[in-house]
Structures are given as C-alpha cells and as structure tokens.
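Dropping the sequence and predicted coords here.
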Amino acid sequence: MEAWMFIWETVDGACDCAGLSVGGAAPAASPLDFAPHNRSAYTRRTPQIPCDGRTKGRQQPAVGEACERPPAVSPAPEETLKSALRYFAKSVTVISCAHSGKRYAMTATAVTEVCLEPPTMLICVNRSASLLAPLTAARYFAINILDRSQKRIAEDCGGRKTGAARFDDFDWAADTLQTPYLRNAQATIFCSIARTLTFGTHTVIVASVESARSTEGAKTPLIYLDRRYVETGLDPVLA
C-alpha cells in the first residue's frame with residue numbers, strides 16, 4: 001500500500017517524520033509530541049511523499065511530486081584517486097640528506113609548506129623508500145626545487161640511478177651540517193625534522209625550516225602533471 005509521510009518542520013529547519021497509511025491509520029507518534037516545551041517551535045504540518053529525511057534548507061515538494069535526492073557520491077578507491085591526481089600539477093623537488101658519511105637523494109612531489117609562523121614544511125616518503133631510514137636518523141635534510149632544465153636530475157633520483165650514483169653528474173655542495181644540496185636548484189629549503197607520523201604506505205614528516213636560498217632569474221620550475229614532466233611559464237591567467 002502506498003504510504004505518505006508527515007513532516008513536522010521546526011523554526012530552525014529541522015524535521016521529524018512519521019508514517020501515515022492511505023487507509024487512514026493514525027500516524028506514529030513523534031518523540032516531539034511528548035515534549036510540550038517544543039510545540040512552540042512548530043510552524044506547519046504538511047503531508048509529503050516518502051523522503052530520506054534530508055530536507056533541511058530545501059523547499060518542500062508538492063503532494064505527488066517526486067522527492068528530490070542529492071546525487072550519489074561514490075567512494076574514491078585507489079584507481080579513481082589516481083585518475084583524479086593526474087590533473088594535479090606539482091612542483092618537482094629532490095629531497096637530500098647525509099648520514100654516517102653517505103649521501104642520499106630522492107625525487108619527491110609530495111612536498112608542501114605548512115605555515116610561516118613558525119616556518120614549517122611537510123614531506124611524505126614511502127615507507128619502502130631507501131631514503132627514509134637515513135633521513136629520519138639524520139634529522140636534517142634539504143628540499144631542492146628543480147628548474148625545468150633539470151629533468152635528468154629528477155629521473156636519476158627518481159629511480160634511474162641508485163645510491164651514490166645519483167650524485168655523480170650534478171653540481172652538489174654541502175652545508176655546515178654536511179647536508180647535500182644542489183647549487184643550481186631554483187631554490188633550496190633546509191629543514192630539521194620536528195615530527196613524524198606513519199600513515200598507510202607513507203611516513204609524513206613535519207619539519208622546521210632552518211634556512212632557505214634561491215637563485216636569481218626567471219622562475220621556471222619543473223612540473224609533474226599527468227604522469228610526465230612538463231614546464232610552465234609565468235604568463236598570467238586571463239580573466
């Protein structure tokens with residue numbers, strides 16, 4: 001049998017629902033019916049077709065009119081998220097550190113600033129990465145922001161080379177703590193680890209900024225977009 005539903009709408013837009021059969025059976029009592037102090041909040045009592053209860057802030061449909069429901073939102077599984085992230089342009093960096101007399105470097109795009117007061121950065125490193133153990137042991141590292149001409153560095157430190165071979169062909173220097181950094185990177189941010197958090201497949205590292213340096217000239221960063229390295233200029237977006 002087709003059923004109808006009464007909706008008690010309160011002043012603040014909240015609602016309470018009770019079923020009523022077409023045959024005239026009495027509606028189920030609303031919990032609010034037994035709270036006299038709430039009756040002053042009622043504004044109207046309108047018959048409606050069955051609805052899912054999400055009516056706050058919406059105009060009520062007329063009797064017999066279909067009840068509008070919000071579009072279903074599917075969860076974002078791994079493959080769906082990967083597809084969405086292909087539209088997410090990211091600046092390419094190389095994370096570098098030194099520990100026990102050895103140097104380590106890894107290409108990374110999961111890098112961002114947290115805040116300026118105090119100056120803080122955040123990086124995410126896969127738990128299977130060879131960089132993670134020496135990085136967390138050293139506590140100090142550099143974030144080298146690459147120029148569009150440094151695609152080869154990104155590829156070498158992204159897996160084409162391993163270990164010390166990643167430092168063979170480029171202009172590397174070291175700070176007073178022996179942290180390696182690229183002299184000709186667009187910019188370099190020197191950090192010390194403040195906190196770490198293991199989440200899923202990655203370790204999230206929150207780091208305090210100790211110092212930063214940048215080169216003169218045009219800002220032409222290397223960008224990773226749609227699973228490939230691209231470049232961008234500084235042309236303003238037209239309205």
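Happy to help now that I have it.

Low-confidence ranges, this protein, go.
In the predicted model, the chain carries pLDDT under 70 at residues 1-76, 233, 239.

rerun that using 90 as the cut-off
Residues of the chain meeting the criterion pLDDT under 90: 1-79, 169, 216-219, 231-239.

At which residues are the helices of it located?
For the chain, the helices defined by DSSP state H occupy 78-85, 132-138, 151-155.

how about D169, what does it touch?
R152, D156 (Cβ atoms under 8 Å, 6 or more residues apart in numbering). All C-beta atoms are positioned from the backbone trio N, CA, C, and that covers glycine.

how about the helices of the chain, which one is nearest L238?
Closest of the helices of the chain to L238 is helix 78-85, at 26.0 Å (criterion: Cβ to Cβ).

can I get the CA coordinates of that closest one in PDB?
These are the backbone C-alpha positions of helix 78-85, laid out as PDB (Å, rounded to 0.1, in the frame of the first residue of the first chain):
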ATOM      1  CA  GLU A  78      42.700   3.800  -5.200                       C
ATOM      2  CA  GLU A  79      42.400   3.800  -9.000                       C
ATOM      3  CA  THR A  80      39.800   6.600  -9.000                       C
ATOM      4  CA  LEU A  81      42.100   8.700  -6.900                       C
ATOM      5  CA  LYS A  82      45.000   8.100  -9.200                       C
ATOM      6  CA  SER A  83      43.000   9.200 -12.200                       C
ATOM      7  CA  ALA A  84      41.900  12.400 -10.300                       C
ATOM      8  CA  LEU A  85      45.500  13.200  -9.300                       C
END
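
buried sites along that helix?
By 16 or more other Cβ atoms under 10 Å, helix 78-85 has no buried positions at all.

how much space between S96 and P119?
Computed as Cβ to Cβ, to the nearest Å, the S96 to P119 distance reads 19 Å.

higher neighbour count, those two?
Applying other Cβ atoms under 10 Å to S96 and P119 shows that S96 carries more neighbours, namely 26 against 16.

I'd like the distance from that one to T176, if you could.
As judged by Cβ to Cβ, S96 and T176 stand 15 Å apart.

Kindly report the same for M121.
Using Cβ to Cβ, M121 is found at 19 Å from T176.

of the two, who's got more company?
M121 (21 against 6).

Kind regards, and thank you for your time.
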